[in-house]
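In: got a sequence here, can you model it:
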Amino acid sequence: MKKYAITFIALITYGGLFAQETTQIIPNTTDSRVITTGVPFMLIAPDARSASMGDMGVATSVDGYSQQWNPAKYVFSEAKSGVSLSYTPYLSRLVNDISISYATYFNRLNEYSAVSASFKYFSLGQIDLTEQTNPGPNEQIVYIPVKPNEFTADLAYTLRLADQFSMAVALRYMKSNLRIQQVPNSNAQPASSFGADLTGYYQSEEEAYNDFNGRWRAGFAIQNLGPKFKYDDGGRDNFQPTTLRLGAGFDFIFDEYSKLGVTAEVSKLLVPTPPRLGDRIVFTDTNGDGIFNEADGDFQTEDQLAASEEDIIIEGQDTDVSFINGVFQSFGDAPGGFSEELREFTWALGAEYTYQENFALRAGYFNEAEDKGARKFFAIGAGFKYTTINLDLSYLFSASRVQSPLENTLRFSLTFNFGDGEYDEY
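Out: As a prediction, the model looks like this:
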């Protein structure tokens, strides 16, 4: 027994005479919890009505811009067909040539079906690149203007499955032309992809209550479901802004002239959450005292730094997955667990008061968690109808520490309805 004890003590002493090593993982303090996607302009509300109610539209009553939010609503339109046009200045406080243009068309084929289409164009204005020519005393600087842009075009078909319920499928082509051709040795190309939407809408019959009549509304949408894309051969794959939207609302019908509609909506990006990253580094206890002290030179020799593993996943899951796997992964991959998953939902509340179907006042609020983008804003707006023409406008007030690109921007939308009153849905 004494022999084994002496041997054990000798081994401990012998080991202490040599440098010891330990492996530590240093968290990356630059980790971002914000989910990023390609072509994010597809998520921006292009019309004044939905913008004035907090960027919502999946469960609001049908209008010409339902293509953006939920084309399943078109079979509830009282008009036979319609054309809508909208123009939204972007970053208007800084520049005057960045904007979003949007055009839609819908046509009810009969009582049970409708077709619709839209075109959305995002212009990033003009950027002047500089190029040096004739190096030396005669050097000149040449300005080369480029105009990056992005656009989407889609078609949808709506089918009424019951008196109060309908569904729609939309197919979309998108192209993002953000390349700069003048950069030497660049193989960047315009990125393009395709996607699909699946939506549904429910609208009840008018029901009588004690002091008023009422109507329930509800809707869902899975939007921008499609393959990833990239801008060059060596670039990273970008997810489309695949989004789940759920909404519900109620119309208080006070009499034949006035109505108040209130709506709530939640949405979530169906895109993987960035994992929490860190660096794995080997530290050496050079004097064998069992204490890793920077003053002893125990930390980070050049060889150790060269051998360190950077950006390893500490918490969360790898985001290098297909877009389909990304949809399912997005419900349970947040490094912060279930509480962080809940913070990835945005929510909005909106109200619209309508008088004689000719005048409307609107207000709304949109909220996003601080660590997920911090978008928070109030919005107000109004709508006017003259014969078959609808004019809508909205204005946004930011309520966040992060300034909104659309803050203090007045937006207008115009809709032309044809065959108004041809269908009786109420």
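In: hmm, residue 263 and residue 347 touching each other?
Out: No: applying C-beta atoms under 8 Å as the test, residue 347 and residue 263 come out as separate, 11.3 Å apart. The C-beta positions use only the backbone N, C-alpha and C, and glycine is treated the same way.
In: who has more neighbours, the two?
Out: residue 263 (26 against 16; other C-beta atoms under 10 Å).
In: any idea of the mean pLDDT for the host helix or strand of residue 200?
Out: Following DSSP states H and E, one finds residue 200 within strand 191-203. Here strand 191-203 scores 94 as its mean pLDDT.
In: how about that strand as CSV, C-alpha atoms only?
Out: Only the C-alpha atoms of strand 191-203 are listed here, as CSV (Å, rounded to 0.1, in the frame of the first residue of the first chain):
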residue,chain,number,x,y,z
ALA,A,191,-29.6,36.7,-58.0
SER,A,192,-32.9,35.2,-58.8
SER,A,193,-35.2,32.6,-57.4
PHE,A,194,-38.9,31.6,-57.2
GLY,A,195,-41.3,31.1,-54.4
ALA,A,196,-44.8,30.3,-53.4
ASP,A,197,-47.5,31.4,-51.0
LEU,A,198,-50.3,29.4,-49.4
THR,A,199,-53.0,31.4,-47.8
GLY,A,200,-56.5,31.1,-46.4
TYR,A,201,-59.3,33.5,-45.3
TYR,A,202,-62.5,33.2,-43.3
GLN,A,203,-65.3,35.7,-43.1
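In: what about residue 220, which SS state?
Out: strand (DSSP: H, G, I helix; E, B strand; the rest coil).
In: compute the number of surrounding residues for the closest residue to residue 83 other than its chain neighbours.
Out: Computed as C-beta to C-beta, 6 or more residues apart in numbering, the closest residue to residue 83 that is not its neighbour in sequence is residue 416, at 4.9 Å. Residues lying near residue 416 (other C-beta under 10 Å) number 17.
In: give me the neighbour count for the nearest residue to residue 347 once chain neighbours are set aside.
Out: Of all residues not flanking residue 347 in the chain, residue 266 sits nearest, at 4.8 Å (C-beta to C-beta, 6+ apart). For residue 266, the neighbour count with other C-beta under 10 Å is 15.
In: dump the residue contacts of residue 266.
Out: Contacts for residue 266 (C-beta atoms under 8 Å, 6 or more residues apart in numbering) come out as 245-247, 345-348.
In: who wins for neighbours among the residues you listed?
Out: Scoring the contacts of residue 266 on neighbours with other C-beta under 10 Å, the highest-scoring entry is residue 247 at 25 neighbours.
In: helix, strand, or coil at that residue?
Out: strand.
In: coming back round to it: so the residue nearest to residue 83 makes contact with residue 388?
Out: Yes: here residue 416 reaches residue 388: they are 6.2 Å apart, a contact under C-beta under 8 Å.
In: what bits of the stretch 51-200 of the chain have low per-residue confidence?
Out: 128-144, 179-188 (pLDDT under 70).
In: mind running it again at 50?
Out: Across the stretch 51-200 of the chain, the ranges flagged by pLDDT under 50 are 184-185.
In: quick one, helices of it?
Out: Remark: helices assigned in the stretch 51-200 of the chain by DSSP state H, counting those that start in this stretch are 66-69.
In: can I take it that residue 42 is in a helix?
Out: Yes: remark: residue 42 belongs to a helix, assigned using three-state DSSP.
In: mind checking how far residue 198 is from residue 239?
Out: Here residue 198 is placed at a distance of 18 Å from residue 239 (C-beta to C-beta, to the nearest Å).
In: out of these two, which sits in the busier spot?
Out: residue 239 (26 against 14).
In: re the thing from before, the helix or strand following the strand holding residue 200 pairs with which strands?
Out: Next in sequence after strand 191-203, counting helices and strands by DSSP H and E, comes strand 207-208. Sheet partners assigned to strand 207-208 using DSSP bridges are listed as strand 213-225 (antiparallel).
In: residues touching residue 258, list them.
Out: Here residue 258 is in contact with 353-356 (C-beta under 8 Å, 6+ apart).
In: specify the beta-bridge partners of it.
Out: residue 355.
In: which parts of the stretch 1-150 of the chain are strands?
Out: Under the criterion DSSP state E, counting those that start in this stretch, the stretch 1-150 of the chain contains strands at 20-27, 81-89, 99-108, 113-123, 127-133, 140-146, 149-162.
In: so which of those is nearest residue 257?
Out: Residue 257 sits nearest to strand 81-89 of all the strands of the stretch 1-150 of the chain, at 23.5 Å, using C-beta to C-beta.
In: pull out the buried residues from that closest one.
Out: Residues of strand 81-89 classed as buried: 81-82, 84, 86-89 (neighbour count, 16 or more other C-beta atoms under 10 Å).
In: other SSEs contacting that strand?
Out: strand 99-108, strand 410-418 (3 or more C-beta pairs under 8 Å, 6 or more residues apart in numbering; DSSP states H and E).
In: which of those strands sits most buried?
Out: Among those, ranked by average contacts under mean count of other C-beta atoms under 10 Å, first place goes to strand 99-108 (a mean of 21).
In: what lines up beside that one in the sheet?
Out: Using DSSP bridges, the strands paired with strand 99-108 are strand 81-89 (antiparallel), strand 113-123 (antiparallel).
In: in JSON lines: those strands, plus distance to residue 399.
Out: Output for these, formatted as JSON lines (distance: least, C-beta to C-beta, whole Å):
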{"stretch": "strand 81-89", "distance to residue 399": "20"}
{"stretch": "strand 113-123", "distance to residue 399": "25"}
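In: to residue 365, which of those strands lies closest?
Out: strand 81-89 (19.4 Å).
In: and the closest one, how far out from the chain's middle?
Out: Its chain's C-alpha centre and that of strand 81-89 lie 21 Å apart, by C-alpha atoms, centre = their mean, to the nearest Å.
In: re the thing from before, can you flag the buried ones in the contacts of residue 258?
Out: Here, 16+ other C-beta under 10 Å leaves 353-354 buried among the contacts of residue 258.
In: now the contacts of residue 258 in JSON lines, with pLDDT and distance to residue 322?
Out: Converted to JSON lines, these look like this (pLDDT from 0 to 100; distance: C-beta to C-beta, whole Å):
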{"residue": "353", "pLDDT": "97", "distance to residue 322": "46"}
{"residue": "354", "pLDDT": "95", "distance to residue 322": "45"}
{"residue": "355", "pLDDT": "93", "distance to residue 322": "50"}
{"residue": "356", "pLDDT": "88", "distance to residue 322": "52"}
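In: may I ask which two of the contacts of residue 258 are separated the most?
Out: 353 and 356 (11.5 Å).
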